[in-house]
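Peer 1: Got a predicted structure here, sequence first:
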Amino acid sequence: MTKSILCAVDISQTSSEEEVLKTAAKLAELDGASLDIVTVVPNFGMNLVGTYFDENFQKQAVKEAKERLHEMVTSVLGAKWDEKVRHIVAAGSIYEEILQLADQTNADLIVIGAHKPDLKDYLLGPNSARVVRHSTCSVYVVREN
């Protein structure tokens, strides 16, 4: 039985992430599981990159991402779901942050979307493939049509 689900979405791809959110909500509802929804923004404070940005840029990016995450959840699942899920905005490498959060929240299941692979993805591996490969819990991959 699943007790805790971590759903990873890309807030810049709202239309393609709708099915990911809906699937995670259905799975949470089936088992009465808690649902955490995460999006990951780049870490603008990194040494090389950080010199090009204002010191408050990272905080502003996280704040805006959290607002967009709330908007996304409300528009796709409704206000009722927006109130009962936990919204998480992480900063850093996408797959590393998802895996770390899954461990920290004791997630039983990660729900993540996957786009149709490009040739470069076969060589480098997309984030969803890395999450599947390295996760210590089950991963449900929602494929794009």
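Peer 2: Now that the structure is in, tell me what you want to look at.
Peer 1: now the helices for this structure?
Peer 2: 14-31, 47-50, 57-77, 79-84, 94-104, 119-124, 127-134 (DSSP state H).
Peer 1: Make TSV from these and add distance to residue 112 to it.
Peer 2: (Each C-beta comes from the backbone N, C-alpha and C, glycine too.) Listed next are the helices of the chain as TSV, based on distance: least, CB to CB, whole Å:
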stretch	distance to residue 112
helix 14-31	7
helix 47-50	25
helix 57-77	15
helix 79-84	18
helix 94-104	7
helix 119-124	14
helix 127-134	5
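Peer 1: Show the contacting residues for the nearest residue in space to residue 27 that is not next to it in sequence.
Peer 2: Spatial nearest neighbour of residue 27, chain neighbours left out: residue 5 (6.0 Å); criterion: CB to CB, 6 or more residues apart in numbering. Counting by CB atoms under 8 Å, 6 or more residues apart in numbering, residue 5 makes contact with 24, 27-28, 33-36, 107-111.
Peer 1: Export the helices of the chain to TSV and append columns for mean pLDDT, mean neighbour count and distance to residue 142.
Peer 2: Shown next, in TSV, are the helices of the chain (pLDDT from 0 to 100; neighbours: other CB atoms under 10 Å; distance: least, CB to CB, whole Å):
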stretch	mean pLDDT	mean neighbour count	distance to residue 142
helix 14-31	92	17	5
helix 47-50	53	9	31
helix 57-77	90	16	13
helix 79-84	93	13	17
helix 94-104	95	19	14
helix 119-124	50	10	16
helix 127-134	90	18	9
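Peer 1: out of the ones you listed, which comes closest to residue 144?
Peer 2: helix 14-31 (5.8 Å; CB to CB).
Peer 1: how close does residue 13 get to residue 127?
Peer 2: 12 Å (CB to CB, to the nearest Å).
Peer 1: Was I right to think residue 41 contacts residue 65?
Peer 2: Yes - the pair residue 41 and residue 65 passes the contact test of CB atoms under 8 Å, sitting 5.0 Å apart.
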